[in-house]
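A.B. asks: take a look and give me a structure for this.
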Amino acid sequence: MLLLSWMIDPKPIDDHVNARNWAAYYNVVVDPGCFNAISERAALLTKTSSTLSEWENSDFGQLLRVTDVRTLTQVREFWIKYSDMAKLSSRKFKEIRERFMHAFRQIRKEKVPGISVSGLRAVGAPFMNAMESVGEEYNRFWETGIIGGLPEFTQMATHINPLFVCSKLGGDQCVIHYGTDPILGFHCAPAFAETIGSPCLPKSPNPSIRTSRLDENVHRLSRTAVVEFKAWCVSFQSVATRSGLEQTSLAIYHFCGDAVKFCYSLLSAMGKLDTAANLFDTLAAPWNPPLSTSPNAEFVRQYDVIDTSNLGDHMELLNVLTCTLPVLKSSASSVLYTESLVRCNTQGSSHFERLRSLLCGDHASIFCLLRAAPME
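C.D. replies: Numbers count the residues shown, from 1 in each chain. Here you go, the predicted structure:
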């Protein structure tokens, strides 16, 4: 939300602003200017979110909406933590940085002792030219805390990023997932359109393709992601500005909590599930009260597209399907996206056997019951 709040600002997103936005969202260490910008914006967001009505009437709340008071309270707690980091003594701040970065580097050494090539998904077609560069980019990120160790970000990066330090799970301890890689959210194929990343590859018959040094390839890969990030930010700012002028229905709702619980709450609010049949209501613990979603809330509706990321890896695919499909519109054009990042243990098995294992039954029968058609 902090990043998106910068997108709402009328200030044009030039290279300098984009560098700040990127560093705040993707770099573990940042320069003093970015650190101060994070602290100041967090303080401003804290000031305008004392109550839900105050937030909804603010310039930020028109676009960046929250589903309930509990979500706003939890988010606001982190904004306070971000701004308070600027009040720490230099000694305390240095201690946190050194401890955090040591733990950060240890995570990679313990969890990924070899070479990580998960970033090849971001490269696409020319992945054969990118194997060495992708692995090196990952290693440099986990060594420096900056994508590809780009010099334009590392030179003045003397501060730890509050957005990485503060977490609900670890407090100010490093709990960053070992699979984290900034390039994963971008299309980085253009970085290798004219390069061969490894001397081990056979010489290309195409004379327009040249061989580049590994360092150059890593930097091109990293900067391709930064440039694409800028294009996305500029596009989003344009849509957000137009939405404000034309009073269109663009809104981004935020919810902090259990995804399945939220889906069942939506179903109850839409009248698709009786309250007595909602286990999250009838079996709620005293310290975890049920969600009270109003049927008149704007986000209570069926959706055209739902992206569940890799939730199925953590709560089983069948649980994801049964709670999200009823929230999806009953239309041939509606799409529910799922993905899995867990390595398949059934070596040599077919895709159908893998799907049968995930669904705990015959895939054709299960999808008929769910009234859904699988696609890959």
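
A.B. asks: and the helix or strand encompassing Glu143, what's buried?
C.D. replies: Following DSSP states H and E, one finds Glu143 within helix 131-144. For helix 131-144, burial by neighbour count (16 or more other C-beta atoms under 10 Å) applies to 131-142, 144. To be clear about C-beta, it is placed using only N, CA and C from the backbone, and glycine gets the same treatment.

A.B. asks: alpha carbons of the next helix or strand after that helix, in CSV - could you do that?
C.D. replies: Note on helix 131-144: by DSSP H and E, the next helix or strand toward the C-terminus is helix 151-154. The C-alpha trace of helix 151-154 is given here as CSV (Å, rounded to 0.1, in the frame of the first residue of the first chain):
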residue,chain,number,x,y,z
PRO,A,151,26.2,-0.3,-8.8
GLU,A,152,23.6,2.5,-9.1
PHE,A,153,21.8,1.0,-6.1
THR,A,154,24.7,-0.3,-4.1
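
A.B. asks: check which element follows helix 151-154 along the chain.
C.D. replies: Going down the chain from helix 151-154, the next helix or strand is strand 159-160, by DSSP H and E.

A.B. asks: run me through the strand neighbours of that following strand, direction for each.
C.D. replies: Using DSSP bridges, the strands paired with strand 159-160 in its sheet are strand 29-30 (antiparallel).

A.B. asks: next structured bit after the partner strand?
C.D. replies: Trace forward from strand 29-30 with DSSP H and E and the next one is helix 32-47.

A.B. asks: name the helices or strands packed onto the helix or strand immediately after that next one in the chain?
C.D. replies: Going down the chain from helix 32-47, the next helix or strand is helix 52-56, by DSSP H and E. Applying 3 or more C-beta pairs under 8 Å, 6 or more residues apart in numbering; DSSP states H and E, one finds that helix 52-56 contacts strand 64-66, helix 69-84.

A.B. asks: and these as CSV, adding mean neighbour count and distance to Asp313?
C.D. replies: What follows is the helices and strands packed on helix 52-56, written out as CSV (neighbours: other C-beta atoms under 10 Å; distance: least, C-beta to C-beta, whole Å):
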stretch, mean neighbour count, distance to Asp313
strand 64-66, 22, 27
helix 69-84, 17, 24
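
A.B. asks: report pLDDT for the residue nearest to Phe229 when sequence neighbours are not counted.
C.D. replies: Closest residue to Phe229 apart from its sequence neighbours, by C-beta to C-beta, 6 or more residues apart in numbering: Trp22 at 5.6 Å. For Trp22, the pLDDT comes out at 97.

A.B. asks: any idea which element Trp22 lies in?
C.D. replies: Assessed by DSSP H and E, Trp22 sits inside helix 15-26.

A.B. asks: how about Cys256?
C.D. replies: Secondary structure assigned from DSSP H and E places Cys256 in neither a helix nor a strand.

A.B. asks: what is the burial count for it?
C.D. replies: For Cys256, the neighbour count with other C-beta atoms under 10 Å is 16.

A.B. asks: for Lys168, see how far away it is.
C.D. replies: To Lys168, Cys256 is 9 Å away according to C-beta to C-beta, to the nearest Å.

A.B. asks: which residues are common contacts for these two?
C.D. replies: Gln74 (C-beta atoms under 8 Å, 6 or more residues apart in numbering).

A.B. asks: from memory Tyr303 sits against Val327, does it?
C.D. replies: Yes - at 6.2 Å, Tyr303 counts as touching Val327 under the criterion of C-beta atoms under 8 Å.

A.B. asks: compare those two (neighbour count), which wins?
C.D. replies: Counted by other C-beta under 10 Å, Tyr303 and Val327 do not tie: Val327 has more neighbours, with 19 against 14.

A.B. asks: give me the buried positions along stretch 217-224.
C.D. replies: Within stretch 217-224, the residues scored as buried using 16+ other C-beta under 10 Å are Asn217, Val218, His219, Arg220, Leu221, Ser222, Arg223, Thr224.

A.B. asks: before we move on, the earlier item: distance to Glu228 for the helices and strands packed on helix 52-56 - can I get that in a markdown table?
C.D. replies: Output for these, formatted as a markdown table (distance: least, C-beta to C-beta, whole Å):
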| stretch | distance to Glu228 |
| --- | --- |
| strand 64-66 | 23 |
| helix 69-84 | 26 |
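
A.B. asks: and those: which comes nearest Ile176?
C.D. replies: In terms of C-beta to C-beta, the element of these nearest to Ile176 is helix 69-84, at 15.6 Å.

A.B. asks: return the list of helices and strands in contact with the closest one.
C.D. replies: If contacts are counted by 3+ C-beta pairs under 8 Å, 6+ apart, helix 69-84 sits against helix 32-47, helix 52-56, helix 162-165.
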